[in-house]
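Colleague: could you look at this predicted model? Sequence included:
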Amino acid sequence: MAESSTLHGTTILAVRHRGRSAIAGDGQVTLGRTVMKHGARKIRRLHNGQVLAGFAGSTADALALFGKFEAKIEEYRGNLERAAVELSKEWRTDRVLRRLEAFLVVADRESAFLLSGAGDVITPDDGIVAVGSGGPYALAAARALARFTEMDAPTLAVEALKIAASICVYTNDSIVVESL
């Protein structure tokens, strides 16, 4: 069987909980079955530190999307929902952008969204959204921790990612978290 040349391996989790927001991401990047990097940084602060963004997918594509999203968040003066919708519309209809293979998770103090090239702008019912290889594990862990513990958003995000890292081979415990 030929080894895949596709880059894999990330988990991004956004948590809005108890009046705070956090996005956490692991640092693993793999090429096929080989771990290429342990400490990649996949989360950024935007709009004077008032908006958080994380990515899963192709790094070059995600960096291009970060730039586009940052322009939108500035254009719409920090209105996260408007910037998310406008980026998704452009991403879906632009010939070059629609080839980008990545997901963005963005959050501020009031909302969180998952954005995709298919035009998705998804806001979670419970304030928790996750993407990437370990996304389903991190999402389940975060929901359980939110329901049954007194953790704040940043602590909850880190602990949920640790649980995902213990299950998903494409997720590691080199975790970066940013919070508002």
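Modeller: Thanks, I have the structure now. Because the structure is predicted, anything quoted here is derived from the model rather than measured. Numbering: from 1, shown residues only.
Colleague: what segments of this structure are strands?
Modeller: Ranges of strands within the chain are 7-8, 11-17, 20-25, 29-31, 34-37, 43-46, 51-57, 102-107, 112-116, 121-122, 128-132, 176-179, based on DSSP state E.
Colleague: I'd guessed residue 54 sits against residue 27; true?
Modeller: No: Residue 54 lies out of contact with residue 27 (C-beta atoms under 8 Å); the separation is 11.9 Å. For every residue, glycine as well, the C-beta is placed using N, CA and C.
Colleague: neighbour count for the two, which is higher?
Modeller: residue 54 (29 against 19; other C-beta atoms under 10 Å).
Colleague: identify the bridge partners of the more buried one.
Modeller: residue 43, residue 105 (DSSP bridges).
Colleague: so how far is residue 83 from the closest residue in space to residue 18 that isn't next to it in sequence?
Modeller: Leaving aside its sequence neighbours, residue 18 sits nearest to residue 152 (C-beta to C-beta, 6 or more residues apart in numbering; 5.6 Å). Using C-beta to C-beta, to the nearest Å, we find residue 152 at a distance of 26 Å from residue 83.
Colleague: same question, residue 47
Modeller: Look at residue 47 and residue 83: by C-beta to C-beta, they are 9 Å apart.
Colleague: which one of these two has more residues nearby?
Modeller: Legend: neighbour count by other C-beta under 10 Å for residue 47 and residue 83, higher for residue 83 (27 against 19).
Colleague: which one of the strands of the chain lies closest to residue 160?
Modeller: strand 11-17 (5.8 Å; C-beta to C-beta).
Colleague: how many residues are close by the residue nearest to residue 18?
Modeller: 15.
Colleague: on that earlier part again, list the residues that contact both of residue 54 and residue 27?
Modeller: residue 42 (C-beta atoms under 8 Å, 6 or more residues apart in numbering).
Colleague: follow-up on the earlier one: wait, what's in contact with the residue nearest to residue 18?
Modeller: Contacts of residue 152 (C-beta under 8 Å, 6+ apart): 17, 18, 20.
Colleague: let me see the confidence value for the residue nearest to the first one when sequence neighbours are not counted.
Modeller: Going back to what we said before, that points to residue 17. In space, and not counting its chain neighbours, residue 17 is closest to residue 153: 4.4 Å by C-beta to C-beta, 6+ apart. pLDDT for residue 153: 98.
Colleague: residue 153 and residue 145, how far apart?
Modeller: Distance from residue 153 to residue 145, by C-beta to C-beta: 10 Å.
Colleague: of the two, who's got more company?
Modeller: Set residue 153 next to residue 145 and count neighbours by other C-beta under 10 Å: residue 153 wins out with 26 against 20.
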